[in-house]
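Trainee: quick one: sequence and predicted model below, then my questions.
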2 protein chains.
Amino acid sequence: MAEIRKDLLRDTWIIIAKDRALKPNDFPINKEGVHFSGNDKVCPFCAGNEIHTPPEIAAYRDKLSRANSPGWTIRAIPNKYSAFSLQNELKIEHTGINQSRTGVGQHEVIIETPEHDSELHEFNTDKIELVFKMFQERYLALANDARIKYIQIYKNRGIFAGASLVHSHSQILALPMVPEVNKGLPKYYEMHSDCLICNIIAQEKALGSRVIYEGDEFIVLSPYASRFAYEIWVLPKKHQAHFGNITVNERQELAFIVKQVLGGIIAILGNPSYNIAINSAPINSGKEKAYHWFVEITPRLIVTAGVEVTTGLYMNPVSPEVATQIFKEEMAILLKE
Amino acid sequence: MAEIRKDLLRDTWIIIAKDRALKPNDFPINKEGVHFSGNDKVCPFCAGNEIHTPPEIAAYRDKLSRANSPGWTIRAIPNKYSAFSLQNELKIEHTGINQSRTGVGQHEVIIETPEHDSELHEFNTDKIELVFKMFQERYLALANDARIKYIQIYKNRGIFAGASLVHSHSQILALPMVPEVNKGLPKYYEMHSDCLICNIIAQEKALGSRVIYEGDEFIVLSPYASRFAYEIWVLPKKHQAHFGNITVNERQELAFIVKQVLGGIIAILGNPSYNIAINSAPINSGKEKAYHWFVEITPRLIVTAGVEVTTGLYMNPVSPEVATQIFKEEMAILLKE
């Protein structure tokens, strides 16, 4: 079972998978090079290998096919190595100055395709939209549990983005507490009674130098204080706290945008590792007013080094204004094709 | 010149190296594999190649040798790619809701040895102590500038720790503001009028399950809320805010401990990438009471993935209690040798 421990030094929480206790030789990487587990072995995410995963939670599949057998296009399963569970009882434990709580929550994997060699950025727009539809359904199902306070949807693609399997997949983590990282949103709301992201959109539209693309529903930009080189935000123009409320129209446009942006990243940056994250408001906590959901796409060209890890200050060698220019040129080519 | 930009969303600062503007092909890594720049080319950190670095700031060298020529054992130079400079004028700029300031500061590289193939963990204890002596001297020199508010000393070893050159080196970053990451220390002090780290030491000594080694001056432990698998803290037992005040005795014991710990990490974890960080109090800001300097050693066995990057919540698959057991056994062997 996971234990969520209070990190008093950093004033945050750390998730410790107590029963997993990886031994030194269990890690996928070491200095000698990259050992990408899952490449040589049976891939548990391929059609026909359903027996190698925990039983599915949801799937889009042929009507005639049975659960946990081939015939699916998208499949949601529990993360095999997660120690989060909704069966856990919420317990808070104190030992001296230390504090921990049980891992009440759920950690799911969304297998995006039954095919081993097809990646999200290679799907057509309809298929990408279907992946987002599954994200939305799982989000709404998990948000129904009042003990869940925050849901993070994210994708790790490639070894430098933290992926341990190559087969195209995303993850959903439903947590019993609100992480602190987007704390600027409630802070801005408290000071200005207004949404930070709505203000960012208005300002960036007026300036123009960091706007890559604007559609009916979304605006795509390089954030002013990009943490990563070529980081991109996709912001819904309509103020909306929760990703769970995304409309069909929005889902369709988001799929189109994500396909173009990933195509641009792959073309420009030489097929890099990347993360995608869907950041949404806390749930079941009455705090949504300050929040505005959005999508963050971060190529992982540089490993977070000692300075980022210890100070939390990111050093970015590419200004977002330069990145915007490069993306705009590439996306103009992609959109013409 | 660097620009330090306010990240309103995360409520932190991002350092953007505006004039560097790396192009897509300038990055050392991509999905195809690891290209470790500096392996094939002339190494600028080797003896004889001093012309390839900016002029040295300080060096331990033979009395008869000249600056920026061979004859040195340890050399401090400006980081070639840094846009921080103490020549910069402190300027704060506002554009709408955005805020930036100029990169007043200094970013130095400490080349730890003239030899290309000798690494910190292979040095003898006296040589490691000499590296710490250079750290201390540079720390004290930089702390003399009242515009400097925080000094981070850190080492990136190996590609997964963010190193871009293999030749053994560390870095010192002198910043014009205090990063937020150890914010638990002032928070604890405000609540308890007491030092968090002194309390951690007392509690861990009483419990014992996370203590790896105790010397006269330092205690070595796996922190209760370890962010990384096999993360280690080396804590001075005497309450002291600033690394700059380390005594000769402490420096000698610290060198001995770092050699043992790194030896343990290399032996146990298969020669992994690692970071070392020396965390100290803010300077020139009257805030030191709440702080207690310490050394953090983090093997980098797992890449920070989408969940860490977006939520700031670290998932650690190895409990610190298990890591302590494994380290204690290995260190008992090393200390007998």
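Mentor: Sure, I can see it. These numbers come from a predicted model, not from an experiment.
Trainee: quick one: is stretch A:177-187 near chain B?
Mentor: Yes: in terms of C-beta under 8 Å from any C-beta of the partner chain, part of stretch A:177-187 sits within range of chain B, namely A:179-185, A:187. Any C-beta I mention is one placed from the backbone N, CA and C, and that applies to glycine too.
Trainee: now do stretch A:217-236: distance to the chain's middle.
Mentor: How far stretch A:217-236 lies from its chain's middle: 14 Å, per C-alpha atoms, centre = their mean, to the nearest Å.
Trainee: repeat that for stretch A:284-304.
Mentor: Offset of stretch A:284-304 from its chain centre (C-alpha atoms, centre = their mean): 8 Å.
Trainee: start to end distance for that stretch?
Mentor: 33 Å (C-alpha to C-alpha, to the nearest Å).
Trainee: stretch A:112-129 now?
Mentor: Start and end residues of stretch A:112-129 are separated by 11 Å (C-alpha to C-alpha).
Trainee: buried sites along that stretch?
Mentor: Of the residues in stretch A:112-129, those buried by neighbour count under the rule 16 or more other C-beta atoms under 10 Å in any protein chain shown are A:112-114, A:116, A:119-123, A:125, A:127-129.
Trainee: what's the average pLDDT for stretch A:253-272?
Mentor: Per-residue confidence for stretch A:253-272 averages out to 94 on the pLDDT scale.
Trainee: run a quick neighbour tally on the residue in the stretch 51-200 of chain A that chain B sits nearest to.
Mentor: When distances are taken as C-beta to the nearest C-beta, the stretch 51-200 of chain A approaches chain B most closely through A:Gly162, which lies 2.4 Å from it. Using other C-beta atoms under 10 Å in any protein chain shown, the number of residues around A:Gly162 comes to 23.
Trainee: all helices for chain A, in order.
Mentor: With DSSP state H as the definition, chain A shows helices at residue ranges A:125-143, A:184-192, A:196-207, A:248-269, A:306-311, A:320-336.
Trainee: who in the stretch 51-200 of chain A is up against chain B?
Mentor: With C-beta under 8 Å from any C-beta as the criterion, the stretch 51-200 of chain A meets chain B at residues A:81, A:95-98, A:150, A:152, A:154-156, A:158-163, A:171, A:173, A:175, A:179-185, A:187-188, A:196-197, A:199-200.
Trainee: mind giving me the PyMOL command for buried ones among those?
Mentor: Here is the PyMOL command that selects the buried residues among these (16+ other C-beta under 10 Å):
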select buried, chain A and resi 97+98+150+152+154+155+156+158+159+160+161+162+163+171+173+175+179+181+182+183+184+185+188+196+197+199+200
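Trainee: just the ones of the residues of the stretch 51-200 of chain A next to chain B in strands?
Mentor: Cross-referencing these against strands under DSSP state E gives A:95, A:98, A:150, A:152, A:154-156, A:171, A:173, A:175.
Trainee: before we move on, back to that, for the buried residues of stretch A:112-129, give me a markdown table that also has distance to A:Leu140.
Mentor: Shown next, in a markdown table, are the buried residues of stretch A:112-129 (distance: C-beta to C-beta, whole Å):
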| residue | distance to A:Leu140 |
| --- | --- |
| A:Glu112 | 19 |
| A:Thr113 | 22 |
| A:Pro114 | 24 |
| A:His116 | 30 |
| A:Glu119 | 26 |
| A:Leu120 | 21 |
| A:His121 | 26 |
| A:Glu122 | 28 |
| A:Phe123 | 22 |
| A:Thr125 | 22 |
| A:Lys127 | 21 |
| A:Ile128 | 19 |
| A:Glu129 | 16 |
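Trainee: in JSON lines, list these along with pLDDT.
Mentor: What follows is the buried residues of stretch A:112-129, written out as JSON lines (pLDDT from 0 to 100):
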{"residue": "A:Glu112", "pLDDT": "98"}
{"residue": "A:Thr113", "pLDDT": "98"}
{"residue": "A:Pro114", "pLDDT": "97"}
{"residue": "A:His116", "pLDDT": "95"}
{"residue": "A:Glu119", "pLDDT": "96"}
{"residue": "A:Leu120", "pLDDT": "97"}
{"residue": "A:His121", "pLDDT": "95"}
{"residue": "A:Glu122", "pLDDT": "96"}
{"residue": "A:Phe123", "pLDDT": "97"}
{"residue": "A:Thr125", "pLDDT": "97"}
{"residue": "A:Lys127", "pLDDT": "98"}
{"residue": "A:Ile128", "pLDDT": "98"}
{"residue": "A:Glu129", "pLDDT": "98"}
